[in-house]
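Participant: sequence and predicted structure are below.
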Amino acid sequence: MARAALSVEAIDRLDEHLKTRIPELWKLKRSATKIIGYTPGAYFPEELVYAAGAIPLQLVRGGDPEAVQEAYKYHVRWFDTFARTQIVYQLSGEEPLYNLPDLLVAQVTDHNMRAIGAAARLYGNTEVYKLGVPHSQHQWGLEYFVDNLHLLKAKLEEVTGNKVTDDKLRASISLCNRMRQTLKEISLTRKSQQPPITSRDFVKVHHAAFYADREVLVQILETLLKELKEKEAPARKGPRILLTGGTLAMGDYKVLDLVEGDLGGQIVIEHFDEGLIDYWENVDPAGDLIQALAERYFMKQTVAAWFRPSRPRLDFLVKLARDFDVKGVIWYQLTFRDCIEIQSHRFPPILERELGIPMLKLQSDYDREEKNYFKTRAEAFLEMIGG
């Protein structure tokens, strides 16, 4: 895969950090630092974990055909492909990151994410804590979520033995705000007709953020942003693409590599319900901090496909497509995720009516044979919109 030359220094620093990060996490775990794993989703405030003196770890590995097959031992086929693989990773003992958590927080969003927590509780040895997430952004939903964050705070204090104080929480909010703001500024550089960073590198940074040392990561991001602003971007000629869908897992890069590497397209903006950090909004550190976290992680959160109503998600995608001047949308989804499947049918006419651009839908079950099929369809799509 071609990499933007100007981002090499920062990305290489990140690579070096990640090489030693898993051994470092094991060392911290042996020294009694608690590691809090959590299932994918954008509703879990890592700030609370840092304030409790623990380390958050989003478990978002995916893309392996073998794990899909192995999952049949534990669940029926009619669960989302990603959810099925999570069960295998948690129980096999072969994925280093999945062996680290002292507590697994399962975000109860739809039945697929609920199944991950249920299987871990049934078959695994790690304690599972469920975090309920309302499905509508109303005042009653906010109040419910605030109560749940108070309960989560108490659980983290119990597990770590540390008190979450306002001073600690305010410091962790500041750090996470810096990360989100820098990610947002990096993303906005891609509005340029010569985007200075590939989507593959940008997604790589997101996935690294789920287990990298947060202080180190923020420093790397700020260096990367400085590089992007100071150096001339490489010339690219392929059509500009918005990539969206349900889950973009760590290791599931075939669409990114295909579009940007093999076919010469430009993915200039991405949006997924799971697998990427939602960096568009920050936490207001004034006033009641739990309330502020709830406002950010629930009321200001870009709604997921399983929300009711879910139309704001599609409107947000239209806004991204317009703001980043894309010529087409690639919708990448996994099998048996009903809410995403429904939206994949509703979105094309909205996209055509609002912007006059087409959408290509690619559906995956993490099958090796998909690559050639994807390539044929994506190549035709890029030729159509490129012309």
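Facilitator: Looks like it arrived, so ask away. All of these numbers come straight from a predicted model, not from anything done at the bench. Numbering: from 1, shown residues only.
Participant: hmm, Glu352 is touching Pro358, no?
Facilitator: Yes: using C-beta atoms under 8 Å, Glu352 makes contact with Pro358 at a distance of 7.2 Å. In short, each C-beta sits where N, CA and C put it, glycine included.
Participant: overlap in contacts, these two.
Facilitator: Both Glu352 and Pro358 lack any common contact, where contact means C-beta atoms under 8 Å, 6 or more residues apart in numbering.
Participant: packing partners for the helix or strand containing Ala120?
Facilitator: Using DSSP states H and E, Ala120 falls within helix 111-123. Contacts defined by 3 or more C-beta pairs under 8 Å, 6 or more residues apart in numbering; DSSP states H and E place helix 111-123 against helix 81-92, strand 103-108, strand 127-132.
Participant: kindly reformat these as CSV containing mean neighbour count.
Facilitator: Formatted as CSV, these follow (neighbours: other C-beta atoms under 10 Å):
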stretch, mean neighbour count
helix 81-92, 25
strand 103-108, 22
strand 127-132, 18
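Participant: go through these and name the closest to Ala321.
Facilitator: Of all the helices and strands packed on helix 111-123, helix 81-92 sits nearest to Ala321, with 24.4 Å by C-beta to C-beta.
Participant: how about that closest one as CSV, C-alpha atoms only?
Facilitator: Output of helix 81-92 as CSV, limited to C-alpha atoms (Å, rounded to 0.1, in the frame of the first residue of the first chain):
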residue,chain,number,x,y,z
THR,A,81,-20.0,-11.7,11.4
PHE,A,82,-18.0,-9.4,13.7
ALA,A,83,-19.9,-10.4,16.8
ARG,A,84,-19.3,-14.1,16.1
THR,A,85,-15.5,-13.6,15.8
GLN,A,86,-15.4,-11.8,19.1
ILE,A,87,-16.6,-14.8,20.9
VAL,A,88,-13.8,-16.9,19.5
TYR,A,89,-11.1,-14.3,20.3
GLN,A,90,-12.3,-14.1,23.9
LEU,A,91,-12.3,-17.9,24.4
SER,A,92,-9.4,-19.2,22.3
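Participant: list the helices and strands that helix packs on?
Facilitator: Judged by 3+ C-beta pairs under 8 Å, 6+ apart, the packing partners of helix 81-92 are helix 65-70, helix 111-123.
Participant: check which residues of the first one are buried.
Facilitator: Using 16 or more other C-beta atoms under 10 Å as the test for burial, helix 65-70 gives 67-68, 70.
Participant: tell me which residues are up against it.
Facilitator: Contacts for helix 65-70 (C-beta under 8 Å, 6+ apart): 81, 84-85, 88-89, 92, 365-368.
Participant: hmm, Val203 is touching Leu256, no?
Facilitator: Yes: between Val203 and Leu256 there is a contact at 6.3 Å, judged by C-beta under 8 Å.
Participant: which stretches of the stretch 1-150 of the chain aren't confidently modelled?
Facilitator: Low-confidence segments of the stretch 1-150 of the chain (pLDDT under 70): 1-8.
Participant: let's see 90
Facilitator: Residues of the stretch 1-150 of the chain meeting the criterion pLDDT under 90: 1-11, 71-79, 87, 90-93, 119, 122-125.
Participant: ok, the stretch 151-300 of the chain next?
Facilitator: Within the stretch 151-300 of the chain, the stretches with pLDDT under 90 are 230-237.
Participant: cool, thanks, talk later.
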